[in-house]
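S.K.: Predicted model and sequence below, questions to follow.
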Amino acid sequence: MIKKIVAFDERFSRYLYTHRLSAKADKWLRLYTRLGDGYVWALIVVLILAFYGPMFLAQVLAQVFPSLVASLALYWIVKLSTKRPRPFVAIPEFKALVPPLDKYSFPSGHTMNNLAIATTVLLAVPAAGAVMMALPLTWGFLRVYFGVHWLTDVIGGFVLGVVSFAIGHLVWIFALAPLVSGYFQG
């Protein structure tokens, strides 16, 4: 089964790598992908602050914190346990067309960590809706397109991002929210 997954990943990556968009499109997609390095969250913080105020922002950040901690913990445990080589390492003719943030491939941290945060923000700010969920998924797919992840890294990142959100949300509900509820009520 693992060999079939690896073979599928390689075929899919080779297809994307050999079917490039225009150089201009690639340039814009690289910039968009870099937003997944964490830069977009500064904009989200400013927007929440502008539309909802500092107290609401503090509450959202407090809810994000346990999801982010869970995500980073799971990310490093899985990443260092699997030590899956990135496509540009496994396939000699590939080059990393965007900079990888660490050495190993599985899971996609761009998908996992951003999805854990996006899901938490979505719960607090439903108006963010589809955009909040689409960002991590498109970033993950573009990381495959640019040769730094396999498709199954993105799928694994998606699953682990949801798990991270669930863990973080449970920690928030049962441990942290009762501790800070007086602070946010006035």
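M.R.: Looks like it came in fine.
S.K.: what about Cys133, helix or strand, and which?
M.R.: Wrong residue type there; residue 133 is Met, not Cys. For Met133, the host element (DSSP states H and E) is helix 129-145.
S.K.: scratch that, Trp41
M.R.: Per DSSP H and E: helix 40-52 holds Trp41.
S.K.: Could you measure from the residue positioned nearest the centre of the chain over to Val144?
M.R.: Closest to where the C-alpha atoms of the chain average out (C-alpha atoms, centre = their mean) is Thr111, at 2.6 Å. Distance, Thr111 to Val144, using C-beta to C-beta, to the nearest Å: 10 Å. Just so you know, the C-beta spots here come from the backbone N, C-alpha and C atoms, and that holds for glycine as well.
S.K.: how about the helix or strand sitting right after the helix holding Met133 along the chain as CSV, C-alpha atoms only?
M.R.: Following helix 129-145 in sequence order, the next helix or strand is helix 151-171 (DSSP H and E). Below are the C-alpha coordinates for helix 151-171, written out as CSV (Å, rounded to 0.1, in the frame of the first residue of the first chain):
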residue,chain,number,x,y,z
LEU,A,151,0.1,15.5,-2.4
THR,A,152,-0.3,13.1,0.5
ASP,A,153,1.7,15.6,2.7
VAL,A,154,-1.1,18.1,2.1
ILE,A,155,-3.8,15.5,2.7
GLY,A,156,-2.0,14.5,6.0
GLY,A,157,-1.6,18.2,6.9
PHE,A,158,-5.3,18.7,6.4
VAL,A,159,-6.3,15.8,8.6
LEU,A,160,-3.8,16.7,11.3
GLY,A,161,-4.8,20.4,11.1
VAL,A,162,-8.4,19.3,11.9
VAL,A,163,-7.2,17.1,14.7
SER,A,164,-5.1,20.0,16.1
PHE,A,165,-8.1,22.3,16.0
ALA,A,166,-10.2,19.7,17.8
ILE,A,167,-7.6,19.2,20.5
GLY,A,168,-7.1,22.9,20.9
HIS,A,169,-10.8,23.7,21.0
LEU,A,170,-11.3,21.0,23.7
VAL,A,171,-8.5,22.5,25.7
